[in-house]
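>>> just to be clear, the model below is a prediction. Sequence and coordinates:
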Amino acid sequence: MAVTKLVHRQLLLAEVEATYNTNPVPTAAANSILVQSAQWADAGLRMEKRPAVRGTSIAQLQSIFGGGLLELSFDAEVKGSGAAGTKPELSPLLQACGMTETIVASTSVTYTPDSTPTTIKSVTLYLYMDGSLLIITGARGTVSFDVKTGGLVTAKFKMTGHAPYASVYTDVVLPTGTFNATVPVPALSVAATIGAYSPVLDTFMVGLNSKLEMPPSIGAADGYAELIISEREVKGSFDPELDTEAAFAWWSELSAGTLNAFTTGAIGATAGNKVTFTMPAIYIEKLAPKDRNGILCLTADYVAVESGGVDNEISIAFT
């Protein structure tokens, strides 16, 4: 009889690797991540055709597996650890998306972009699927964040790594995950600003849009060398109510390429469970009208750039 597996009986573990593509063996007790909507897919899969001319048959010959990687996508709640200066549950994933982690004891944990391939972390991911285990090593990826009035701050991850296709699944007992008990806070009383202006927003989105290179390697069992984050473009959108031109001249700002600082302000009010998104220089890339419950609004697409330094186009601070 077939064994039925349930979507909600899944568990994700993530742990930073000390050496690239070397499994640190994460445990459910120490490395569980609370996620939603986990989905995996092939990435860079090679099935080599064999277009032989055989005289008596025009049928195709069997293709040969030539290597591949796996991609894992999932959403996660963004919340603090419950203690200022202690890493949040998402720490290993944020680092593997090309972000540097800076800890100030008892105060903050801040994530900023990293442009040095040798210092960007990789992670091993365990996805338990109600009795089956999928292991992905050497994983790196990208992440975006969504904020909506009254909703939870959500991170959307797309991670890619190595997995042995011949034994990609094993049958195991589903362990019991141990999660951080901190309860995420809704996006309320959020004092967002662009420059000196305080827009009335319903939604805010920002993504790293990191480009992941998958270099081929004839010497690798799966046909791929170390995965490298080679490029990023931090950008997103928000939806301000349409104010007077005197308050904020959106079209003039767009046409002039004006750079403004943007911050969400703290989301949350309790130490150990506050998160703030800050970008020192954004420019408006596109404007479009939006009807929000009969109120004239805009959808403003923006791009964040460095300002007075490198790797500082965005910071995500947990305080």
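Everything's here; your move.
>>> when you work out contacts or count neighbours from here on, use the C-alpha atoms and nothing else.
OK.
>>> any idea how far the lowest-mean-pLDDT helix or strand in the chain is from the chain center?
Here the helix or strand of the chain ranked lowest by mean pLDDT, DSSP states H and E is strand 169-171, holding a mean of 86. Computed by C-alpha atoms, centre = their mean, to the nearest Å, the separation of strand 169-171 from the middle of its chain amounts to 26 Å.
>>> element containing Ser252?
In the assignment (DSSP states H and E), Ser252 maps to helix 250-256.
>>> in this protein, which spans are helices?
Counting by DSSP state H, the chain has these helices, from start to end: 91-96, 250-256.
>>> which residues are in contact with stretch 13-23?
Outside stretch 13-23, the residues that touch it by C-alpha atoms under 8 Å, 6 or more residues apart in numbering are 24-28, 31-33, 92-93, 96, 121-127, 137-139, 162, 226.
>>> just the buried residues from these, in PyMOL please.
To isolate the buried ones among the contacts of stretch 13-23 in PyMOL, judged by 16 or more other C-alpha atoms under 10 Å, type:
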select buried, resi 24+26+27+28+31+32+33+92+93+96+121+122+123+124+125+126+127+137+138+139+162+226
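>>> quick one: low-confidence ranges for the stretch 101-250 of the chain?
For the stretch 101-250 of the chain, no stretch has pLDDT under 70.
>>> show me the strands in it, by range?
Remark: strands assigned in the stretch 101-250 of the chain by DSSP state E, counting those that start in this stretch are 108-113, 123-129, 132-148, 154-162, 169-171, 193-194, 203-207, 211-213, 228-231, 235-238.
>>> how far away is Gly309 from Ala163?
38 Å (C-alpha to C-alpha, to the nearest Å).
>>> what's the neighbour count on the closest residue to Glu77 other than its chain neighbours?
Once flanking residues are discounted, Glu77 sits nearest to Thr154: 4.9 Å by C-alpha to C-alpha, 6 or more residues apart in numbering. Thr154 has 20 neighbouring residues, counting by other C-alpha atoms under 10 Å.
>>> my read: Thr154 touches Phe74, true?
No: contact between Thr154 and Phe74 fails when scored by C-alpha atoms under 8 Å: they sit 10.3 Å apart.
>>> how near is the nearest residue to Asp75 once chain neighbours are set aside to Asp171?
Take Asp75 and drop its neighbours on the chain: the residue closest to it by C-alpha to C-alpha, 6+ apart is Lys156, 4.5 Å away. Lys156 is 28 Å from Asp171, where distance means C-alpha to C-alpha.
>>> neighbour count winner among these two?
Lys156 (20 against 12).
>>> just checking, that one touches Ala76?
Yes: with contact defined as C-alpha under 8 Å, Lys156 counts as touching Ala76 (6.6 Å).
>>> which residues does the nearest residue to Ser37 once chain neighbours are set aside form beta bridges with?
Leaving aside its chain neighbours, Ser37 sits nearest to Phe74 (5.3 Å; criterion: C-alpha to C-alpha, 6+ apart). On the basis of DSSP bridges, Phe74 is bridged to Phe157.
>>> relative to Gly150, how far out is Ala76?
Counting by C-alpha to C-alpha - Ala76 and Gly150 are separated by 17 Å.
>>> neighbour count for the two, which is higher?
Legend: neighbour count by other C-alpha under 10 Å for Ala76 and Gly150, higher for Ala76 (20 against 13).
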